[in-house]
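Undergrad: build the 3D model from these lines:
(one chain, ligands or ions: 1)
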Amino acid sequence: MRASQVDFENAKNQVKLLKKDPGNEVKLQLYALYKQATEGPCKMPKPGVFDFVNKAKWDAWTGLGDLPQETARQNYVDLVSSLSSPESPGQARPGAESKQGAYETLVVTSEDGITKIMLNRPAKKNAITTKMYQELMLALQAAGKDDSALTVLTGNGDYYCSGNDLTNFTDIPPGGVEQKAKDSAVLLRDFVSCFIDFPKPLIAVVNGPAVGISVTLLGLFDAVYASDRATFHTPFSHLGQSPEGCSTYTFPKIMGSAKAAEVLIFGKKLTAGEACAQGLVTQVFPDSTFQKEVWARLKAFAKLPPNAMRASKEVLRRGEREQLHAANAEECRVLQGRWLSDECANAVMAFLSRRAKL
Ligand SMILES: CCCCC/C=C/C(=O)SCCNC(=O)CCNC(=O)[C@H](O)C(C)(C)COP(=O)(O)OP(=O)(O)OC[C@H]1O[C@@H](n2cnc3c(N)ncnc32)[C@H](O)[C@@H]1OP(=O)(O)O
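TA: Predicted coordinates:
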């Protein structure tokens, strides 16, 4: 799964042959990844506010931060591969099957026995919108049933994921904020259930910083590989919120109750090394060799008998599935109340009005 210069050149040519216009957002991502892959991080001065086109390009490119050029090249190749329609197989990277042209917020590819689900909003640090929650559930359902041996979740760009997209809170339905809180609790419960019940090995490839729900969910993965650039931050109290993703059950089990409280109540940000020492991360790799080393390892895992791996996962999970669903339900119930609190409203408003950042 590591793109060579030849793959990159092929992908560049495939873009010109695309039969369908991929839309402006995707074109901006292609532009940004291409620039990052060929020139490195954006050093151009910020265009004027009325220079809309160049400002959008600049935003997309700077949104990739310090993403290594090799990773940008890989992500560019993956994105082009995902755009190749099944009717034009000549456009696809040999061996890489892209089934999910339908997703707006994800790039999903299958290759070498591995289905890779990549969060794909790099300019927004892969913050999870309502649409992305829904697409992730669909992608996980499909991956659970496909013939790949492993499923991997990762992020495009310099972040793994910045957690819940805080603009989700601005989309209030006719039933008002109470209805919004209720709908969000249902969505969250269904979303987390997909991870609890996922039937085959699920691996997180944490390519950069992780925030909020993208951290708490890690306790439900079977392995977590992290770049040494990654950090792990759950600022729930700062946001007037409370933990989710079954972390109230998994974190004390993984790291002990004192360390779990420091992370989940006081929002202590962990480095990749600390997260590994506390058992949340399986192994940390230097960012410069992260993709190469992790994918080599995953390809070897994917050659193991898939039914044996599923059976082992099932027997490991069976003993605690009930407790996990109970923790999920209780976390969603408490959060529903938190979302209606002044503490939460003030924190979200502060972020949206650019007064606060983590
Ligand atoms: C329904 C289910 C609910 C599930 C409950 C889940 C809870 C959680 O996940 S709580 C955690 C929520 N996340 C956050 O509070 C993170 C907020 N973001 C930040 O603090 C920062 O953006 C950052 C530290 C993640 C990155 O900072 P920086 O490197 O300086 O980059 P920018 O802030 O300029 O970000 C670029 C761009 O992306 C937008 N963005 C980033 N994260 C989010 C987010 N979580 N929600 C919405 N938007 C986000 C940011 O606003 C910038 O946008 P533009 O200004 O339009 O470029």
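
Undergrad: quick one: neighbours of residue 295, just the number.
TA: Residues contacting residue 295 under the criterion other C-beta atoms under 10 Å number 20. Just so you know, the C-beta spots here come from the backbone N, C-alpha and C atoms, and that holds for glycine as well.

Undergrad: how about residue 292?
TA: Here the neighbour count serves as a burial measure; for residue 292 (other C-beta under 10 Å) it reads 14.

Undergrad: now do the SS call for it.
TA: When classified by DSSP: H, G, I helix; E, B strand; the rest coil, residue 292 comes out as helix.

Undergrad: next: residue 77.
TA: helix.

Undergrad: got it, and residue 349?
TA: On the three-state scheme (three-state DSSP), residue 349 is labelled helix.

Undergrad: okay, it: pLDDT?
TA: The model reports residue 349 with a pLDDT of 93.

Undergrad: count of neighbours near it?
TA: Residue 349: 14 surrounding residues under other C-beta under 10 Å.

Undergrad: can you map out the strands along the chain?
TA: Counting by DSSP state E, the chain forms strands over residues 106-111, 114-119, 150-155, 202-206, 210-211, 223-227, 231-233, 270-271, 283-285, given from the N-terminal end onward.

Undergrad: quick one: the fourth one to strand 114-119, angle?
TA: When you say that, I think you mean strand 202-206. For strand 202-206 against strand 114-119, the angle between stretch directions is 50 degrees (axes from the mean of the first three to the mean of the last three C-alpha atoms, to 10 degrees).

Undergrad: quick one on the thing from earlier: among the strands of the chain, which is nearest residue 353?
TA: When those are ranked by proximity to residue 353, the top entry is strand 210-211, at 19.2 Å, counting by C-beta to C-beta.

Undergrad: for the closest residue to residue 292 other than its chain neighbours, give me its contacts.
TA: Closest residue to residue 292 apart from its sequence neighbours, by C-beta to C-beta, 6 or more residues apart in numbering: residue 2 at 5.6 Å. Residues counted as contacts of residue 2 (C-beta atoms under 8 Å, 6 or more residues apart in numbering) are 70, 74, 291-292, 295.

Undergrad: and residue 2, how far from residue 11?
TA: Here the distance between residue 2 and residue 11 works out to 13 Å (C-beta to C-beta, to the nearest Å).

Undergrad: got the confidence number for the nearest residue to residue 44 once chain neighbours are set aside?
TA: Beyond its immediate neighbours in the sequence, the residue positioned closest to residue 44 (C-beta to C-beta, 6+ apart) is residue 58, lying 6.2 Å away. Residue 58 is assigned 89 on the pLDDT scale.

Undergrad: same check, this time on the one 5 residues further on
TA: At residue 63, the pLDDT value in this model is 86.

Undergrad: I'd say it and residue 123 touch.
TA: Yes. With the criterion set as C-beta atoms under 8 Å, residue 63 and residue 123 qualify as a contacting pair; they are 3.4 Å apart.

Undergrad: any shared contact partners between the two?
TA: Residues within reach of residue 63 and of residue 123 at once, by C-beta under 8 Å, 6+ apart, are 32, 157.

Undergrad: what's the distance between residue 201 and residue 297?
TA: Taking C-beta to C-beta as the measure, residue 201 falls 12 Å from residue 297.

Undergrad: what's in contact with stretch 169-176?
TA: Contacts to stretch 169-176, defined as C-beta under 8 Å, 6+ apart, come from residues 130, 179-180, 182-183, 339, 348, 352.

Undergrad: any idea of the pLDDT on the residue of the stretch 101-250 of the chain found nearest the ligand?
TA: In the stretch 101-250 of the chain, no residue comes nearer to the ligand than residue 212, which is 2.2 Å away by C-beta to the nearest ligand atom. According to the per-residue confidence, residue 212 scores 98 in pLDDT.

Undergrad: still on that earlier bit, pLDDT score assigned to the residue nearest to residue 292?
TA: The per-residue pLDDT reported for residue 2 equals 70.

Undergrad: quick revisit: show me what contacts the spatially closest residue to the residue of the stretch 101-250 of the chain closest to the ligand that is not a sequence neighbour?
TA: The spatially closest residue to residue 212, leaving aside those adjacent along the chain, is residue 163, at 2.5 Å (C-beta to C-beta, 6+ apart). Contacts for residue 163 (C-beta under 8 Å, 6+ apart) come out as 127-128, 210-215.

Undergrad: switch the cut-off to 7 Å
TA: Residue 163 makes contact with 127-128, 211-214 under the criterion C-beta atoms under 7 Å, 6 or more residues apart in numbering.

Undergrad: isn't residue 110 right next to residue 148, touching?
TA: Yes. With contacts defined as C-beta atoms under 7 Å, residue 110 counts as touching residue 148 at a distance of 5.4 Å.

Undergrad: can you map out the helices along the stretch 251-358 of the chain?
TA: With DSSP state H, counting those that start in this stretch as the definition, the stretch 251-358 of the chain shows helices at residue ranges 257-264, 272-277, 290-301, 306-318, 321-338, 342-352.

Undergrad: quick one: which of these is nearest residue 138?
TA: With distances scored as C-beta to C-beta, the stretch of the helices of the stretch 251-358 of the chain nearest to residue 138 is helix 321-338 (19.2 Å).

Undergrad: alright, I will stop here.
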